[in-house]
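1. coordinates for the following, if possible.
(one chain, ligands or ions: 2)
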Amino acid sequence: MTLLAPELTRIDGRLHLEGVALDTLADQYGTPCYVYSRAALTRAYREYADALAAHPAGQGALVCYAVKANSNLAILNVFARLGAGFDIVSGGELARVLAAGGDPAKVVFSGVGKTAAEMRQALEAGIRCFNVESAPELDRLNAVAGELGKRAPISLRVNPDVDPKTHPYISTGLKENKFGVAFDEAEALYARAATLPHIAVTGIDCHIGSQILDPSPFVEALDKILGLVDRLAARGIALHHVDIGGGLGIRYQADDAEPKVRDYLNPLLDKLAGRGLSVVMEPGRRLVGNAGLLLTTVEFLKPNAAKSFAIVDAAMNDLARPALYDAWHEIVPVVERSDAPARTYEIVGPVCETGDFLGHDRQLALAPGDRLALQSAGAYGMAMSSNYNTRPRAAEVMVDGALVHLVRRRETVAELYAGEALLPK
Ligand SMILES: Cc1ncc(COP(=O)(O)O)c(C=O)c1O
Ligand SMILES: N[C@@H](CCCC[NH3+])C(=O)O
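-> Ligands and ions are numbered 1, 2, ... in the order given. Just a heads-up that it's a prediction; the model follows:
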C-alpha cells in the first residue's frame, strides 16, 4: 500500500509517522485526529528555500505560506521559525500569524473582499503588501490608509486568463473567475494607483489555481505578467517584486506526477533573472499536504445487497475534500491485519448525507475497531472542517522525532453551543 511521505513508514505492520506508532496516538488522543510531522513540514519548506538559494534570481525571495491551507498555530510557528512569511486572506488569519510569532513585515494579504476593519488591522500591524483584487478595493484601501496617516504598499493581483488544468472549483486565474483584476484593465488601474496619495505601488501578483501538477501554466502566466511589468516600467511605474502565487500540487495517489519544487521554480526564476525584481510566492498545499494525515476508527461494517460499507468515526465535516471535489485520499490501515479477508469497501462517515464518503471502492481487510489513516490530509483538511451534525472538531497532534505534542485539543459539545441563547420566557 502506498505511503506518500518518507516520514510515514510501516514497521512490523504498524504505521509510524517519524518515530511515533500511530496506533498509540489513536489510543491516547482518540479519533478522529489529525497528525502532522514536523520533519515533513520542514522538508517541504526547505525544498523551496534550497531551490531559491541555488538560483541568482532567488536571492532575497520570500516564501509566504498560504495560511488557509492549515492555520494551526503550531504549524504557523514551525514555518515562522524557518523564516517564512505568510499569505493571509482575513483579519483572523493575521491574528493567528501574529499569535504564532510570525513577522508582520513578511505578510501579504490576498482576498477579494477585504473589509475596512481588516485593512486597518493590517496597516497597523505593518504588513508587507496588500494584494489588491479590484478598483473599489484600491479606493477603500487608499481611504483607510489616509485615515491612519499611512501609505499602503500594494500589488495588483492580476488575472492572467491562463488555464491551470486543474479541478474547475479550484481554478482561479481564468477570466470567468472572481479573482484578481482583469488582465486588460490592470495597466490602467496601476496608472491610477500611482496617483493615489495613500497607496505605494510596490509589486504585482498572480495566483492561477491549486493542485497544479503541470508547471507550464505558471510559465505562461509569468510571461504575461512580465509583459505587463515592462509596459508599466515604460510609463514610469517601477515595481519591486513579483508574487507568483501558490498552487503547486502534491501526490494524492502513487502515480500522480508531482513536480519537484526546483523544476517548477527554475524556469520562473530564469525569466526573472537580471530584472532587479524580488520574488514572493504563496504555497499552501505543497508545504503541508503530505505532512498530515487523519486517523479514524471503524465503528461498523455494514454490507448490503449492493455494497459493503465501513462506517468510520471521521466524516465530511472533518475532511470535506472527497464530498466537495470528489477528491481521492489514500486510506491505509494503521495496523495491518491478516485474519480478515480483503474486501471492497465504501468508507463513509456518520453524517446524514449521501455525499458523506471518504473513499469509494477501497480494498481493505477490516474489522470493527480498526484504525485507518487518510493520507495527504494536511492541507485543506482541518482548515475546512465544520461542526455539521453538532460534531466537535478533531484533535490535532504534531510529532517531532519521538516527541508528541497535542497542538489542538478536541472540541467539546458544550463549546459548540456556548454562544447560543434560548428565547426569553
Ligand atoms: C491567493 C492565494 N494564494 C495562495 C493559495 C495557496 O494555494 P495552494 O494551496 O494551492 O498552494 C491560494 C489558494 O488556492 C490562494 O487563493
Ligand atoms: N480547498 C481546496 C483548494 C482551494 C485553494 C484555495 N484557494 C482543496 O482542498 O483542494
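2. can you pull the residues of this protein lying near ligand 1?
-> Proximity of the chain to ligand 1, by Cβ under 6 Å from any ligand atom, involves residues 66, 69, 87, 110, 172, 207, 210, 245-247, 282-286, 379. For the C-beta atoms, the positions are set from N, CA and C on the backbone; glycine is no exception.
3. quick one, grab the pLDDT at the residue in the stretch 301-425 of the chain that ligand 1 sits nearest to.
-> As assessed by Cβ to the nearest ligand atom, ligand 1 sits closest to residue 379 within the stretch 301-425 of the chain, at 6.0 Å. The score at residue 379 is 99. That number is its pLDDT.
4. count the neighbours of it for me.
-> By the measure other Cβ atoms under 10 Å, the count of residues near residue 379 is 26.
5. and it, how close does it get to ligand 2?
-> Distance, residue 379 to ligand 2, using Cβ to the nearest ligand atom, to the nearest Å: 7 Å.
6. returning to that earlier point: any idea which of the residues of the chain next to ligand 1 has the most stuff around it?
-> Of the residues of the chain next to ligand 1, with other Cβ under 10 Å as the count, residue 87 tops at 32 neighbours.
7. for the host helix or strand of that one, buried residues please.
-> Using DSSP states H and E, residue 87 falls within strand 85-88. Applying a neighbour-count criterion of 16 or more other Cβ atoms under 10 Å, one finds 85-88 buried in strand 85-88.
8. near ligand 2, from those?
-> Of the buried residues of strand 85-88, not one also sits near ligand 2 (Cβ under 6 Å from any ligand atom).
9. residue 34: which of these is nearest?
-> For the buried residues of strand 85-88, the residue nearest residue 34 by Cβ to Cβ is residue 86; the value is 20.1 Å.
10. for that closest one, name its beta-bridge partners.
-> residue 65, residue 107 (DSSP bridges).
11. state the distance from it to residue 5.
-> 23 Å (Cβ to Cβ, to the nearest Å).
12. just residue 370 next, same as before
-> Per Cβ to Cβ, residue 370 is found 21 Å from residue 5.
13. check contacts around the closest residue in space to residue 320 that isn't next to it in sequence.
-> The shortest distance from residue 320 to any non-neighbouring residue, by Cβ to Cβ, 6 or more residues apart in numbering, is to residue 384 (4.7 Å). Residues in contact with residue 384, defined by Cβ atoms under 8 Å, 6 or more residues apart in numbering, are 320-321, 324.
14. give the contact list for the closest residue to residue 377 other than its chain neighbours.
-> Spatially, and ignoring its direct neighbours in sequence, residue 377 is nearest to residue 294 (4.3 Å; Cβ to Cβ, 6+ apart). If a contact means Cβ under 8 Å, 6+ apart, then residue 294 has 32-35, 314, 318-319, 329, 373-374, 377, 381, 394 as its contacts.
15. narrow these to those in strands?
-> If you go by DSSP state E, those have 33-35, 373-374 in strands.
16. ok, which of those residues also contact ligand 2?
-> Of the ones in strands among the contacts of residue 294, not one also sits near ligand 2 (Cβ under 6 Å from any ligand atom).
17. just read off the phi/psi values of the residue of the stretch 151-300 of the chain found nearest ligand 2.
-> Closest residue of the stretch 151-300 of the chain to ligand 2, Cβ to the nearest ligand atom: residue 210 (4.0 Å). Residue 210 adopts backbone torsions of phi -130, psi 160, taken as degrees, to the nearest 10.
18. so it makes contact with residue 247?
-> Yes: judged on Cβ atoms under 8 Å, residue 210 makes contact with residue 247 at a distance of 5.2 Å.
19. close to ligand 2: what parts of this protein are there?
-> 68, 170, 210-211, 321, 380, 384.
20. and those residues as CSV, adding secondary structure?
-> Shown next, in CSV, are these (DSSP: H, G, I helix; E, B strand; the rest coil):
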residue, secondary structure
68, helix
170, helix
210, coil
211, coil
321, helix
380, coil
384, helix
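21. what residue in the stretch 1-150 of the chain comes nearest to ligand 2?
-> residue 68 (5.9 Å).
22. against residue 315, how distant is that residue?
-> Taking Cβ to Cβ, one finds residue 68 at 21 Å from residue 315.
23. name the residue in these two with the higher neighbour count.
-> residue 315 (26 against 21).
24. about what we covered before: which residues are common contacts for residue 210 and residue 247?
-> 164, 166.
25. ok, the residue nearest to residue 307 when sequence neighbours are not counted - contacts?
-> In space, and not counting its chain neighbours, residue 307 is closest to residue 346: 5.2 Å by Cβ to Cβ, 6+ apart. By Cβ under 8 Å, 6+ apart, the contact set of residue 346 is 307-310, 357, 359-362.
26. now do the SS call for residue 346.
-> strand.
27. partner residues bridging it?
-> Counting by DSSP bridges, the residues bridging with residue 346 are residue 309.
28. closest residue of this protein to ligand 2?
-> Closest point on the chain to ligand 2, by Cβ to the nearest ligand atom, is residue 380, at 3.1 Å.
29. surely that residue is in contact with residue 69?
-> Yes: between residue 380 and residue 69 there is a contact at 5.9 Å, judged by Cβ under 8 Å.
30. joint contacts of these two?
-> 284-285, 289.
31. closest one of those residues to ligand 1?
-> The closest of the shared contacts of residue 380 and residue 69, once distances to ligand 1 are taken by Cβ to the nearest ligand atom, is residue 284, at 2.6 Å.
32. which helix or which strand is home to the residue nearest to residue 251 when sequence neighbours are not counted?
-> Leaving aside its chain neighbours, residue 251 sits nearest to residue 258 (4.4 Å; criterion: Cβ to Cβ, 6+ apart). Following DSSP H and E, there is no helix or strand that holds residue 258.
33. again, but for residue 279
-> Taking DSSP H and E as the criterion, residue 279 maps to strand 278-281.
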